[in-house]
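Asks: task: produce atomic coordinates for the following.
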Amino acid sequence: MTNATAGRNLSRRNFLGTAAAAAAFSLVPRHVLGGPRHVAPSEKLNLAGIGIAGKGADDLNQASTENIVALCDVDLDHAAKTIRKFPQAKIYQDYRKMLEQEKSLDGVLIATPDHTHAIIAMAALQAGKHVFCQKPQCYDIFEARTLSKAARESGLVTQMGIQGHSSEAARTVVEWIGAGAIGEVREVQAWCSLSYYPWGHAYWSSKLSERPQETPAVPAQLDWDLWLGPAKARPYHPTYHPGSWRAWWDFGNGMMGDRGAHTLDPVVWALKLGMPTSIEATSCGLTNEVHPLSAVVTFQFPARENLPPVKLTWYEGTRPPCPEELANGKMLGHPEGGALFIGSKGKLTCGVYGDSPRLIPERAMQEYQRPPKSLPRIKGGHMQNWVRACKGLEPASAPFSYAAPLTEICLLGNIAKRMDARIEWDADNMKVTNLPEANRHVRTAYRPGWSLGV
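Replies: Here you go, the predicted model:
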């Protein structure tokens, strides 16, 4: 774990959630399971991929310095290209069978849809495997806290796939903010200019409130029941898979969970943010089925340590006003999004994937005397950091202890969007206090036959 994380600023009570959840949860210790195989730094890990098309394929490529011994995907046709690339790997459709049979596994890479992250990661931890899980860490807040507790108790190495956290740029942002480059920061504006319109991309019915009415046959090589996992049952349709599952509330956490996990990472890290006390959202094109066309979400964070309160505004499907210091009217940062820190002595921008920070106006950037580098640098990228951590060579850059609070902030934004209102958050008791009906989104009900193990 890095020297400065948002996670360390939460109290134990805040972080672990309710006493009832803590008492109900039990993780099998590694010594009972036999523990992970001891791997010397010079040896290769035995790894498996779960969800191996798309981002999962990219993760496997980054981990291909190790032994890829097993591959698992509910859709063998969709995963065929990756399967051909690793001909030595044993193939599975059900991750449970893979974890049961592949006793030599040291770790797993998870890149499935958001709604299945937690159940798979928990199963891997209970089986004594190190875990690399794509962002967001999970689907709801209860899962985030429970997984973090499980990882801590297991002693296994975990990492969330926010590659920017291991970048030079993100660490530079944290160092510059900490050194007072722009003075005291009380406001941040962050954004993702992308939108899901038209909803489902490949398909959308004529009425915004409806799901697809067609019921095409399930592809022969797809296990649709496994793809649904803990989500409520519904007929297969290609708009969900391999279409835009992330746009649908039941399966994905939308732009907030996707790009927000990246963009808000340096904000949470640099400002040592804990949990917000209130979150207010205004959404455009909101339905019960899909994420909105656009939204503006405002988080209020209290003072912590010697730092002042912070107002954080998230824009998705749109952008904040351009700072007056930028004469050309073009926001700095990645074209898809970024963050603007507003300090008492200046402003700083950074991009969604850890793009290099800039002080504005340009004169401030040219005159700034850079502080010494105080945070450790990550060699070889985010995935290789996790690989080395599994071998005991260095700490993981973004373990679940850091990822869970960051994910919770993003999920709170989604709850406010779904309610299209202001919610007040009691982090100690993991509860929305002013709108009781919002609490159904804090811990979602699983389909019969599925459980997180609590």
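
Asks: C-alpha from now on. contacts and neighbour counts both.
Replies: Noted.

Asks: can you list the low-confidence ranges for the protein?
Replies: The chain contains residues with pLDDT under 70 at 1-37, 197-210, 327-335, 353-355.

Asks: looking at this, Val108 is in a strand?
Replies: Yes: if the criterion is DSSP: H, G, I helix; E, B strand; the rest coil, then Val108 is within a strand.

Asks: can you pull the contacts of it?
Replies: Residues in contact with Val108 (C-alpha atoms under 8 Å, 6 or more residues apart in numbering) are Leu47, Ala48, Gly49, Ile50, Ala124, Lys129, His130, Val131, Phe132.

Asks: pipe the residues you listed into CSV and attach secondary structure, neighbour count and distance to Leu273 per row.
Replies: Output for the contacts of Val108, formatted as CSV (DSSP: H, G, I helix; E, B strand; the rest coil; neighbours: other C-alpha atoms under 10 Å; distance: C-alpha to C-alpha, whole Å):
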residue, secondary structure, neighbour count, distance to Leu273
Leu47, strand, 26, 34
Ala48, strand, 28, 34
Gly49, strand, 27, 33
Ile50, strand, 26, 32
Ala124, helix, 23, 29
Lys129, coil, 28, 30
His130, strand, 27, 27
Val131, strand, 27, 25
Phe132, strand, 26, 24
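
Asks: and the gap between the spatially most central residue of the chain and Ser397?
Replies: Computing the C-alpha centroid of the chain and ranking residues by C-alpha atoms, centre = their mean puts Pro136 first, at 2.0 Å. Applying C-alpha to C-alpha, to the nearest Å, the value for Pro136 to Ser397 is 15 Å.

Asks: name the SS class of the residue nearest to the centre of the chain, please.
Replies: coil.

Asks: measure Glu437 to Ala421 for me?
Replies: For Glu437, the distance to Ala421 under the criterion C-alpha to C-alpha works out to 12 Å.

Asks: more neighbours: which of the two?
Replies: When Glu437 is set against Ala421 and neighbours are counted by other C-alpha atoms under 10 Å, the residue ahead is Ala421, at 15 against 10.

Asks: in this structure that one contacts Glu280, no?
Replies: Yes: under the contact definition of C-alpha atoms under 8 Å, Ala421 touches Glu280, with a separation of 5.6 Å.

Asks: hey, what's in contact with both of these two?
Replies: Common neighbours of Ala421 and Glu280, counting by C-alpha under 8 Å, 6+ apart, are absent.

Asks: need the next SSE after the longest helix along the chain, C-terminal direction.
Replies: Taking DSSP state H as the criterion, the chain has its longest helix at helix 400-419. Next in sequence after helix 400-419, counting helices and strands by DSSP states H and E, comes strand 422-426.

Asks: off-centre distance for that following strand?
Replies: Using C-alpha atoms, centre = their mean, to the nearest Å, we find the averaged C-alpha position of strand 422-426 to lie 21 Å away from the chain's own average C-alpha position.

Asks: which helices and strands does it pack with?
Replies: Contacts of strand 422-426 with other secondary structure elements, assessed using 3 or more C-alpha pairs under 8 Å, 6 or more residues apart in numbering; DSSP states H and E, are made with strand 278-284, strand 431-432.

Asks: partners of that strand in the sheet?
Replies: The strands that strand 422-426 pairs with in its sheet are strand 278-284 (antiparallel), strand 431-432 (antiparallel) (by DSSP bridges).

Asks: quick one: contacts of the last one?
Replies: Residues outside strand 431-432 that contact it (C-alpha under 8 Å, 6+ apart) are Ile423, Glu424, Trp425, Asp426, Ala438, Asn439, Val442.

Asks: adding mean neighbour count and distance to Gly317, write the helices and strands packed on strand 422-426 out as JSON lines.
Replies: Output for those, formatted as JSON lines (neighbours: other C-alpha atoms under 10 Å; distance: least, C-alpha to C-alpha, whole Å):
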{"stretch": "strand 278-284", "mean neighbour count": "20", "distance to Gly317": "9"}
{"stretch": "strand 431-432", "mean neighbour count": "21", "distance to Gly317": "26"}
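
Asks: mind putting those strands into TSV with distance to Pro309?
Replies: Formatted as TSV, the entries for those read as follows, by distance: least, C-alpha to C-alpha, whole Å:
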stretch	distance to Pro309
strand 278-284	12
strand 431-432	20
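
Asks: so which of those comes closest to Pro323?
Replies: Checking these against Pro323 by C-alpha to C-alpha gives strand 278-284 as the closest, at 22.1 Å.

Asks: which residues does the closest one contact?
Replies: By C-alpha under 8 Å, 6+ apart, strand 278-284 touches 292-301, 412-413, 416-417, 420-425.

Asks: for Glu367, grab the count of nearby residues.
Replies: 9.

Asks: cool, Val74 as well?
Replies: Burial of Val74, expressed as a neighbour count using other C-alpha under 10 Å, amounts to 23.

Asks: how close does it get to Gly380?
Replies: Separation of Val74 from Gly380 (C-alpha to C-alpha): 31 Å.

Asks: now swap in Thr444 and tell me
Replies: Here Thr444 is placed at a distance of 37 Å from Gly380 (C-alpha to C-alpha).

Asks: more neighbours, these two?
Replies: The residue with more neighbours, out of Thr444 and Gly380 and counting by other C-alpha under 10 Å, is Thr444; that gives 16 against 11.

Asks: alright, that wraps it up for me.
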